[in-house]
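1. Below are the sequence and a predicted model for it; my questions follow.
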Amino acid sequence: MFFKIERYTKMMKGPPYLFFLFLLAILSPAVMGQVNPKEACRIEDGQLVFKLDLQWTPAQKQEVARLFNLDSIVMAGVYSGKLKVLSNGVEWQTRKLTPRIVELYKPLSDLNDGPAFTDDIVMVDDDWAGYTMEPARESVAWGVNKFTRYSVFQYIHGAARFYLPGHLNAKEVFLSGTFNRWSTTQMPMVRSDSGWTIKLRLKPGKYFYKYIIDGRWASDPFNRQFGNDGGIRDNSVVFCFNHKFVLKGNENAKDVYVTGSFNGWNQQELKMFKTNYGWVFPMYLREGTHAYKFLVDGVWMTDPDNKVVYPDGAGHFNSFIGIGDAMLFTLDGYSGAKKVMVSGSFNGWNQEELAMLKITGGWQLPYVLASGNYEYKFIVDGNWITDPANPYTVGSGATTNSFLAVRANHTFILDDKTGFKSVVVTGSFNGWNRNGYRMVLKDHQWIFPISLKPGKYTYKFIVNGKWILDPGNELWEENEYGDNNSVLWIDH
């Protein structure tokens, strides 16, 4: 086991929540009367989480409260079934996992003595903390790096190399960030004659990170870009690139910019670099389809090396690129139509942008979409129609649209034993819209696939107009109306 305590005296005077890490490392289950401290308390995704059993004996409850310094107000709130508990200016929340198991949690950034991940932090063996090596990437439309020294970070063919110059007197240096769930021990750096280095495989995207130098957390001194992750505002930010814009020629131009739908068509934000063969700009672009143009000394132009162009609806054209795998929109029939368009939430419902190609037996259009949920329709010679081959719809009446979940990671399922007429699933993921996601009946089950980001969601089914909990889900919590909602957790 590995653990290190920095500035021990100050920590003992600070909030007791930080000290629980040290206690977990040294206490045995016997100390707590068969209540395992490793199971009772953990850090998960930037939150301090306590797992409490409503059937613990009074002695066990008192021991947990004493060990972790949970005051009587908090404990009383948990065992009386409150959803939120306010104590000493700190708001705790609860969630009911089973009829007898409750979790009490709050962000680490709510600690009274400042944010977590300061030089006061206790570092422990990561095995019990539940860290995984699945990189956590923040979903952003685009990104560029702002290093003052080129050599401190390199990203080539999926391999990222971090380099921290200096600190040659340090005994050990670790790299920690969202790519390893802020593990303090998983990524030791290697000392060289000029600093410390480490190489790791990362997918394109945005990551937060810091260095741990002999137990002290430090931002990257050669990185001018900082961000907020879990309430911590001074984490360094790095982007792993996946695209490079290239404009050949135009050697005599003074200023060349690239701009597009990904940055709101900001004309003065992304200035390209001049090379021997033209102009380039490497960057990260989120998966999906992006419209773009070059601005050469104030003159707009499409990409001469990209044949994929679509009208912008205002009499001009934009170049388009797709990051990721393309899907195929298909409309069978309508062979007599002169013009068929596809329009949806993925292109701002632009009616003049995406013309479908006429093929034998119908129309089609390949288009790249990122993981997520989308609404769309076809426009056949000016008439809007839903996709006849897609049974999933949202909305009602004239506002009914076809629904598409790209790389769905969850399917709502409700068994039909009595013959329901209609079933809608609605929840926090769609603003509790009553006319939201209409489920489809297949083999005596109502189903609805959906793409959800990691996190917690609450939901219900509306069966023949009546709201019900999900009978196939044991997780539920009370809502503000004195009723209950089913609870869904998406891990990845």
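-> Great, that's in hand. What you see is a predicted model, and the numbers here were worked out from it, not measured in a lab.
2. Okay, now the unreliable bits of this structure?
-> Under the criterion pLDDT under 70, the flagged ranges of the chain are 1-39, 43-46, 66-67, 69, 88-89, 108-139, 229-233, 492.
3. per-domain residue ranges of it.
-> Here the domain assignment for the chain is 4-129, 142-240, 243-304, 326-405, 411-490, based on automatic domain parsing.
4. Can I get those domains in CSV including mean neighbour count?
-> C-beta coordinates here come from the backbone N, C-alpha and C atoms, glycine included. Below are those laid out as CSV (neighbours: other CB atoms under 10 Å):
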stretch, mean neighbour count
domain 4-129, 16
domain 142-240, 17
domain 243-304, 16
domain 326-405, 16
domain 411-490, 15
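5. Rebuild those as TSV, extending it with distance to Y310.
-> As requested, these are exported to TSV (distance: least, CB to CB, whole Å):
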stretch	distance to Y310
domain 4-129	40
domain 142-240	20
domain 243-304	7
domain 326-405	5
domain 411-490	25
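6. I'd like to know which of those is closest to H316.
-> domain 243-304 (7.8 Å; CB to CB).
7. starting at the chain centroid, how far to that closest one?
-> Between the centre of domain 243-304 and the centre of its chain there are 28 Å (CA atoms, centre = their mean, to the nearest Å).
8. again with stretch 404-414
-> Using CA atoms, centre = their mean, the offset of stretch 404-414 from its chain centre is 17 Å.
9. Stretch 178-192 now?
-> So, by CA atoms, centre = their mean, the centroid of stretch 178-192 is 21 Å from its chain's centroid.
10. Contact partners for W265?
-> Applying CB atoms under 8 Å, 6 or more residues apart in numbering to W265 gives the contacts T259.
11. Give me the distance between the nearest residue to D297 once chain neighbours are set aside and L295.
-> Once flanking residues are discounted, D297 sits nearest to A253: 5.2 Å by CB to CB, 6 or more residues apart in numbering. Counting by CB to CB, to the nearest Å, the gap from A253 to L295 is 10 Å.
12. D234 too?
-> For D234, the distance to L295 (CB to CB) stands at 34 Å.
13. Could you do F50 as well?
-> With CB to CB as the criterion, F50 and L295 are 55 Å apart.
14. thinking again about what came up before, S319: which of the domains of the chain is closest?
-> Using CB to CB as the measure, domain 243-304 is the one of the domains of the chain that comes nearest S319, at 4.1 Å.
15. Span of the closest one from start to end?
-> For domain 243-304, the first-to-last residue distance is 17 Å (CA to CA, to the nearest Å).
16. now swap in stretch 447-466 and tell me
-> Across stretch 447-466, the terminal residues are separated by 17 Å (CA to CA).
17. Which strands and helices lie in contact with the helix or strand that contains S236?
-> Counting by DSSP states H and E, the element that carries S236 is strand 232-240. If you count contacts as 3 or more CB pairs under 8 Å, 6 or more residues apart in numbering; DSSP states H and E, strand 232-240 packs onto strand 205-213, strand 226-229, strand 278-285.
18. Name every strand pairing with the helix or strand following the first one and say which way it goes.
-> Okay, so that is strand 205-213. Per DSSP H and E, the first helix or strand lying C-terminal to strand 205-213 is strand 216-218. In the sheet, strand 216-218 lines up against strand 205-213 (antiparallel) (DSSP bridges).
19. tell me how far the strand it pairs with is from the chain's mean position?
-> Centroid displacement of strand 205-213 relative to its chain, using CA atoms, centre = their mean, is 16 Å.
20. Contacts for it next, please.
-> For strand 205-213, the external contacting residues (CB under 8 Å, 6+ apart) are 117, 123, 135-138, 140, 143, 162, 164, 167, 170, 173-179, 184, 189, 196, 217-220, 227, 229, 235-240, 284.
21. contacting residues around H243?
-> By CB under 8 Å, 6+ apart, the residues touching H243 are 282-285, 321, 323.
22. Nearest to N390 among those?
-> Closest to N390 out of the contacts of H243 is I323 (24.1 Å), distances taken as CB to CB.
23. was I right about that closest one contacting M283?
-> No. Using CB atoms under 8 Å, I323 makes no contact with M283, being 11.0 Å away.
24. Strands of the stretch 101-250 of the chain, start to end?
-> Ranges of strands within the stretch 101-250 of the chain are 101-107, 122-123, 142-143, 153-156, 159-165, 173-177, 190-191, 195-201, 205-213, 216-218, 226-229, 232-240, 243-248, based on DSSP state E, counting those that start in this stretch.
25. between those strands, which gets nearest to K460?
-> Minimum separation from K460 across the strands of the stretch 101-250 of the chain (CB to CB) falls at strand 101-107, 20.9 Å.
26. neighbouring strands for that closest one, and are they parallel or not?
-> strand 47-53 (antiparallel), strand 90-96 (antiparallel).
27. Dump the ones you listed into CSV; add distance to L247 as well.
-> As requested, those are arranged in CSV below (distance: least, CB to CB, whole Å):
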stretch, distance to L247
strand 47-53, 46
strand 90-96, 51
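28. Quick one: closest of those to D483.
-> strand 90-96 (13.7 Å).
29. The closest one: how far from the chain's middle?
-> 22 Å.
30. what's the answer for stretch 442-456, then?
-> The answer for stretch 442-456 is 19 Å, by CA atoms, centre = their mean.
31. go on, stretch 391-400?
-> 28 Å.
32. now do stretch 332-339
-> Remark: stretch 332-339 is offset 40 Å from the chain centroid, using CA atoms, centre = their mean.
33. circling back to that earlier point, direction-wise, compare the strand holding S236 with strand 205-213 and give the angle.
-> Inter-element angle recorded for strand 232-240 and strand 205-213: 120 degrees (by axes from the mean of the first three to the mean of the last three CA atoms, to 10 degrees).
34. related to what we said a few turns ago, looks like the residue nearest to D297 contacts M272 (just checking).
-> No. In this structure A253 lies outside contact range of M272 using CB under 8 Å: 9.4 Å.
35. Mutual contacts of those two, please.
-> Listed contacts common to A253 and M272 are W279; contacts here mean CB under 8 Å, 6+ apart.
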